[in-house]
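Novice: Provide a 3D model corresponding to the input given below.
(2 chains)
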Amino acid sequence: MRGCPTRNVWILTVAVIGNSHAAVIAKAWNEVAQQTPDVSLEFFAATRHGVEDGIHVVGSKIPSSGRAGSEAGLSGDVDLTSFEAILVAGLRRDVSSLVRLHRTYQPESHRSNTAKKKLVSDALFLEMARADRERSLAVTLARDIRGSVDVPILLIPHPYPSLTAVANQSALWAEIHETGDAARLMALFEMVNDELTTEFSVIAQPSDTLVAPLFTDPRYTHDSGFFRDPDRPSLGPEDYHMNVEFGHIQLSLVLERLRMVSRVA
Amino acid sequence: MPGKSPYAGLSERSFWSSAVASQSATHLPGVYVKKFALGEGARIAAAGSCFAQHIVRQLRIRNFNVVDVEPPPPGIEGATARRFGYLTYSARYGNIYTARQLVQLIEEATGVWQPVDWVWERNGRFFDALRPSVEPEGLSTQDLVRAHRDQHLAAVREMIKSTDVFVFTLGLTEAWMHRASGTVYPTAPGTVAGSFNKDFSFINFSTAEVVRDLYRARALLQAANPSLRMILTVSPVPLTATATDDHVLLASSYSKAVLRAAAGELAQKADVDYFPSYEIITGPQARGQFFDENLRTVRAEGVAVVMSHFFAQHAELQPAGRAAVTVPPASVDELMDDQCEDALLEMFGS
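Specialist: So this is what the prediction gives:
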């Protein structure tokens, strides 16, 4: 195992770079850090919504100064050489963008209303899903990091929305839920994520946290509102950010994967 | 002393020695003199055989106003876009090799004609036989192919109405036809999909037939869009293979001669111009230098020379401050190899 010797214990030092969705992992970590002596997680996550585009690798650092710092809200410079592993959490690797594409484009095997949609083949929609993945900040940042330091990189996408989104954000989610296209979109999203596994360690959302294909059990968004940006007006009922219970599930997966990839490394 | 000759006083471009023999292959003054100015911001649509892809690409590189009624979905670009028929022409109709194909497309889009036997199958997937390259893996049902084509035809109608200048590159005279209906396809049955049988027959269009088809296409286009003008050009790319009994060199020569003659006849009309891609690449002055080692593929330098003659005459279209751009050779070769169904015929050779 690689790591830093401290009092005869090897500690795996990990940088967590993410957006508001990393906050639940941080919250969970704060509760278990004392009982996890072999790992040290340092969070550089931004809490703000939609401002992550300022995050770039410069040399072997992700600076918190200038545009990156002010817009991304990083808690400090990320010196990538100081860590044995990097976790990229959220950062727009999100099924929402694929669902938005689906509102305009109708893949051949999908069932939603075709009247106003542009028809595309499944082969083309697969390419669209891949392109959507490649555009995500999580993937572009992870690639930049990989070009800078030779350490294991883990990716954890945004959680799937709560089933409450079907009612609360119906324009985006209701159609795919009712037609069954949600299952097809989720399968596609996970398939193109799996294609990343030659480069990164991708942590998928456990199926037992879902209440329907592509929709998270609403119990995991209950009382999660405090993770939202306090500077922004209310976004209404929380459908996208999970609570600490979910954070513990993600954290356990992260720790398990970290131990696995660090052994391999 | 000889009497007065009609050749006396003609310009240098009228004489072989001064206009061709003593000129560089890359610069032939007067070889193309535009018939009409296109006008700033002219909306240009393009179709034709593979060589037309270069014309479209060069226009796009220079930020000309190329009509694109079927743009790629977000994130689909480069080779992936072209693999699905995007960014190749002004709509996803694929290569239109013959004048008859062009007539069919316009007639079908404007509702005066219906193709027959145009959904072909391969390994359980279904293909639009009239544009088989735009969905390389086909679709799962025949109904889907029809639905996709309906959307495509709506886009073609939009293209016709929103075009000022339609550039058509004539490529082939040889085609495969549905015997009973006369429906002509861009590929032989069995090449991309489908299977060849007695329902299909070979046709090698004559000059008269090509002329008639071009007049028909022009009439249909201008019925929908009276101000639309045309620029015709002939692809300099020789035939990959011939289905006639002739040697492929003779068959290619016949095909190009027919297309060149037909284009020349149409270009007698005030609203139709002829652009000499064929002559710039294949003329003796070029000494074959613009062809790749296979003596068929046009090299990037050749494309650049062709387009420099076009842009020199249509400077009014050149966006301010943009210099001439040379296309990277690799990109051109990729286009030629990947997006030409007739190149697939190579695999049937010994």
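Novice: lowest average confidence, helix or strand, in the chain?
Specialist: In the absence of a named chain, this looks at chain A. Sorting the helices and strands of chain A by mean pLDDT, DSSP states H and E puts helix A:66-72 at the bottom, at a mean of 44.
Novice: partner strands of the next helix or strand after that helix, with direction?
Specialist: The helix or strand immediately downstream of helix A:66-72 is strand A:78-79, counting by DSSP states H and E. Here strand A:78-79 is paired, per DSSP bridges, with strand A:61-62 (antiparallel).
Novice: hmm, who's touching the strand it pairs with?
Specialist: A:17, A:44, A:55-56, A:68, A:74, A:77-80, A:141 (C-beta atoms under 8 Å, 6 or more residues apart in numbering or on different chains). The way it works is simple: take the backbone N, C-alpha and C, and place the C-beta from them, glycine included.
Novice: residues of the stretch 1-150 of chain A that sit close to chain B?
Specialist: Neighbours of chain B within the stretch 1-150 of chain A, by C-beta under 8 Å from any C-beta of the partner chain: A:101, A:104-105, A:108-109, A:114, A:118-124, A:127-128, A:131-132, A:134-135.
Novice: measure the residue in the stretch 1-150 of chain A that chain B sits nearest to to B:G85 for me?
Specialist: Residue of the stretch 1-150 of chain A nearest chain B, by C-beta to the nearest C-beta: A:A131 (2.8 Å). Computed as C-beta to C-beta, to the nearest Å, the A:A131 to B:G85 distance reads 16 Å.
Novice: tell me which of these two has more neighbours.
Specialist: Between A:A131 and B:G85, B:G85 has the larger neighbour count (other C-beta atoms under 10 Å in any protein chain shown), namely 24 against 19.
Novice: show me which of the contacts of strand A:61-62 are buried.
Specialist: When the contacts of strand A:61-62 are checked for burial by 16 or more other C-beta atoms under 10 Å in any protein chain shown, the buried set is A:17, A:44, A:55-56, A:68, A:74, A:77-78, A:80, A:141.
Novice: distance to B:A81 added to these, as JSON lines?
Specialist: Shown next, in JSON lines, are the buried ones among the contacts of strand A:61-62 (distance: C-beta to C-beta, whole Å):
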{"residue": "A:I17", "distance to B:A81": "32"}
{"residue": "A:F44", "distance to B:A81": "36"}
{"residue": "A:I55", "distance to B:A81": "28"}
{"residue": "A:H56", "distance to B:A81": "27"}
{"residue": "A:A68", "distance to B:A81": "32"}
{"residue": "A:L74", "distance to B:A81": "36"}
{"residue": "A:D77", "distance to B:A81": "39"}
{"residue": "A:V78", "distance to B:A81": "35"}
{"residue": "A:L80", "distance to B:A81": "34"}
{"residue": "A:L141", "distance to B:A81": "25"}
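Novice: now do the contacts for residue 132.
Specialist: Using chain A here. A:97-98, A:101, A:192, B:74-75.
Novice: chain B, not that one
Specialist: B:P132 touches B:94, B:120, B:186-187, B:192-193, B:341, counting by C-beta under 8 Å, 6+ apart.
Novice: among the residues you listed, name the buried ones.
Specialist: B:94, B:120, B:186-187, B:192-193, B:341.
Novice: hmm, back to that, just the contacts of A:D132: which are in helices?
Specialist: Residues from the contacts of A:D132 lying in helices, with DSSP state H as the criterion: A:97-98, A:101, A:192.
Novice: how about the strands in the chain?
Specialist: Since no chain was named, I'll use chain A. For chain A, applying DSSP state E gives strands covering A:4-6, A:9-18, A:39-43, A:61-62, A:78-79, A:85-89, A:105-107, A:118-120, A:153-156, A:201-202, A:210-212, A:215-216.
Novice: hmm, no, I was thinking of chain B.
Specialist: B:44-48, B:119-122, B:125-128, B:165-170, B:174-178, B:184-185, B:200-204, B:229-234, B:272-275.
Novice: which helices and strands sit right next to the shortest one?
Specialist: Okay, so that is strand B:184-185. helix B:99-109, strand B:174-178 (3 or more C-beta pairs under 8 Å, 6 or more residues apart in numbering or on different chains; DSSP states H and E).
Novice: and that strand, how far out from the chain's middle?
Specialist: Offset of strand B:184-185 from its chain centre (C-alpha atoms, centre = their mean, to the nearest Å): 15 Å.
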